[in-house]
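Participant: sequence and predicted structure below; questions after.
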Amino acid sequence: MVHYKSIFGAISTAAALTVYTYDTSESQNEITNPQSFIDSLYGQLVHSPQSNEYKMSMMAAGEITFEDPKIVEFDLEHMELGEFVSKQAEIENAAKHQFAQKTHESYLKYQSAIKLPPDDDTEDIDGVRTLFGGIMTFGGLPHLNCFSKREDDLNSPVDIAIVGAPFDTAVSFRPGARFGPEGIRSGARRLGGATIVRSNGHSNTNLTKINPYDKRSHNLSIVDCGDVPLTPFDNRIALNQLYRGERAIHKHPSKNNQNKPKIITMGGDHTITLMALKSAYEQYGKLNVIHFDSHIDTWNPKVLGGGISHYMSLNHGTFLHYAAEQGYLNTSGCFHVGLRAPYIDAGYDENHDRDCGFKSITARDIDHLGIYGIVDKLLEHVGKVAPVYITVDIDVLDPAFAPATGTMEVGGWSSRELLSVLDGLEGINLVGADVVEVSPPFDSNSEITQLAATQVIDSYLGLMVVKEVS
């Protein structure tokens with residue numbers, strides 16, 4: 001009888017076979033510090049004298065044991081030569097594999113050696129932002145309670161503020177935009193860094209040199225004010241709350257005490273733009289409005305909503321009618337961009353839209369005008385001095401790029417086309433902006449709509465910071 005023994009990957013035999021052995025400093029019967037491979041990696045983190053003592057007590061009580069040597073037995077007298085040779089090769093190959101594995105484990109142990117800081121040292125976790133943890137603000141920007149009446153908060157300088165408007169009770173189709181601010185912030189976790197893509201083919205751009213999230217590239221106070229608390233039970237009260245929230249932000253001093261704060265609002269359905277326009281108008285006067293949307297949103301309330309009740313006369317399709325009626329708009333510099341949805345009453349709606357002061361660039365105009373043609377047309381009318389407000393309804397994008405919105409329309413722009421047009425507006429006096437109609441419940445698993453909205457705000461920040469710095 002010949003015995004082949006495999007002990008922790010070692011093969012020993014009385015016959016003339018290859019022997020693989022490993023030098024161990026402790027015999028199996030006298031183990032004083034039982035360790036596994038994981039123990040060796042994380043020992044500093046999990047080991048203590050008490051834990052070793054506990055393991056030894058468990059071994060003494062027989063609750064844990066080290067695996068006994070595995071013995072492979074067979075009788076040569078009752079085996080064919082071919083079977084023996086096959087078994088011998090199997091055992092030797094197993095031993096070689098285990099030897100290689102042990103060698104690799106030793107290498108990993110050496111490579112994975114770490115030195116942990118003292119237990120009470122928090123220097124490396126103090127104020128450090130991660131991509132997937134912490135209190136969520138847009139792009140990791142600092143949070144400020146912009147609505148507080150405390151003197152310290154009121155006197156905190158604000159150059160650019162981002163604020164959420166979780167409101168969606170004035171929609172005509174799919175709801176869910178009240179969750180837009182949360183979704184957009186989630187999509188902004190990875191923002192940061194200057195990017196060459198913003199050059200748009202121009203070498204004299206400053207957008208490629210600015211990182212709004214890094215104070216080393218500017219000296220501005222850019223904050224996330226959180227969301228304005230809005231009631232979901234009465235649109236009149238909710239919109240008034242939003243107006244008062246935007247007004248409170250505008251009352252903050254800027255860092256140089258010369259300029260007024262600029263606000264980027266995250267909707268919410270498109271109705272919220274009216275309150276943002278009202279507050280911006282009170283600070284800057286009549287506004288050139290660039291309205292990216294697949295719908296005109298200047299519908300007369302008698303045509304959309306108001307014919308049912310006065311309460312619903314203000315909704316996400318009529319707010320620009322009211323903005324024009326209230327005198328917030330500079331009617332010589334207002335544009336719809338990306339239109340493609342049908343009118344409700346073609347003859348009346350088109351004339352009424354013109355009366356509200358809007359010129360139009362349709363979604364298909366990009367096919368013959370190109371990005372630069374559209375940019376040039378906008379700059380020609382809005383200029384670089386007059387205050388400009390940009391509002392982006394995410395449904396300006398094709399549903400392939402933004403499925404999570406209330407009223408999708410096919411044949412829209414790509415996200416790249418929209419961002420290229422926005423970045424091409426470098427130099428305008430952008431005093432306020434928003435992105436609206438993002439409805440996360442309808443988004444893809446990859447959250448592509450929220451990501452697109454995030455990049456729109458990123459472009460807004462670039463335009464605002466470049467103008468302030470220059």
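Facilitator: Cool, got the structure.
Participant: tally of neighbours for E380?
Facilitator: E380 has 9 neighbours, counted by other CB atoms under 10 Å. Any C-beta I mention is one placed from the backbone N, CA and C, and that applies to glycine too.
Participant: let me fix that: I135
Facilitator: The local packing count at I135 equals 9, with neighbours defined by other CB under 10 Å.
Participant: for it, which non-adjacent residue is closest in space?
Facilitator: If the residues on either side of it in the chain are set aside, I135 comes closest to H143, at 7.1 Å by CB to CB, 6 or more residues apart in numbering.
Participant: I'd guessed the one you found sits against R185; true?
Facilitator: No: contact between H143 and R185 fails when scored by CB atoms under 8 Å: they sit 10.8 Å apart.
Participant: quick check: neighbours shared by the two?
Facilitator: Taking CB atoms under 8 Å, 6 or more residues apart in numbering as the contact definition, H143 and R185 share the neighbouring residues 137, 224.
Participant: neighbour count winner among those two?
Facilitator: R185 (24 against 14).
Participant: against R174, how distant is the more buried one?
Facilitator: Here the criterion is CB to CB, to the nearest Å. By it, R185 lies 21 Å from R174.
Participant: okay, now the nearest residue to T407 once chain neighbours are set aside: neighbour count?
Facilitator: Beyond its immediate neighbours in the sequence, the residue positioned closest to T407 (CB to CB, 6+ apart) is F173, lying 4.8 Å away. Neighbouring residues of F173 were enumerated by other CB under 10 Å; the total is 10.
Participant: what's the first-to-last distance across stretch 397-415?
Facilitator: Across its full length, stretch 397-415 reaches 6 Å end to end, with CA to CA, to the nearest Å as the criterion.
Participant: also stretch 266-276?
Facilitator: End-to-end distance of stretch 266-276 (CA to CA): 11 Å.
Participant: run the chain-centre distance for it.
Facilitator: Here stretch 266-276 shows a centroid-to-chain-centroid distance of 21 Å under the convention CA atoms, centre = their mean, to the nearest Å.
Participant: cool, and stretch 280-287?
Facilitator: Taking mean C-alpha positions (CA atoms, centre = their mean), stretch 280-287 and its chain are 31 Å apart.
Participant: just the strands in this structure please.
Facilitator: 2-7, 10-12, 70-74, 160-165, 222-227, 262-267, 288-292, 334-339, 358-362, 387-393, 429-436 (DSSP state E).
Participant: now do the contacts for R247.
Facilitator: When contacts are counted by CB under 8 Å, 6+ apart, R247 touches 279, 282.
Participant: make a markdown table out of the strands of the chain and add distance to G327, mean pLDDT and mean neighbour count.
Facilitator: As requested, the strands of the chain are exported to a markdown table (distance: least, CB to CB, whole Å; pLDDT from 0 to 100; neighbours: other CB atoms under 10 Å):
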| stretch | distance to G327 | mean pLDDT | mean neighbour count |
| --- | --- | --- | --- |
| strand 2-7 | 90 | 36 | 15 |
| strand 10-12 | 90 | 36 | 18 |
| strand 70-74 | 89 | 44 | 11 |
| strand 160-165 | 22 | 97 | 26 |
| strand 222-227 | 27 | 96 | 23 |
| strand 262-267 | 20 | 97 | 28 |
| strand 288-292 | 13 | 98 | 26 |
| strand 334-339 | 13 | 98 | 25 |
| strand 358-362 | 15 | 97 | 17 |
| strand 387-393 | 14 | 98 | 27 |
| strand 429-436 | 16 | 98 | 26 |
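Participant: is the residue nearest to T407 in contact with G406, as I believe?
Facilitator: Yes: with contact defined as CB under 8 Å, F173 reaches G406; the gap is 5.1 Å.
Participant: low pLDDT regions in this protein?
Facilitator: For the chain, residues meeting the criterion pLDDT under 70 lie at 1-47, 64-114, 125-134, 198-203.
Participant: gap between the residue nearest the centre of it and A404?
Facilitator: For the chain, the residue nearest the mean C-alpha position is G187 (1.8 Å; CA atoms, centre = their mean). G187 sits 11 Å away from A404, taking CB to CB as the criterion.
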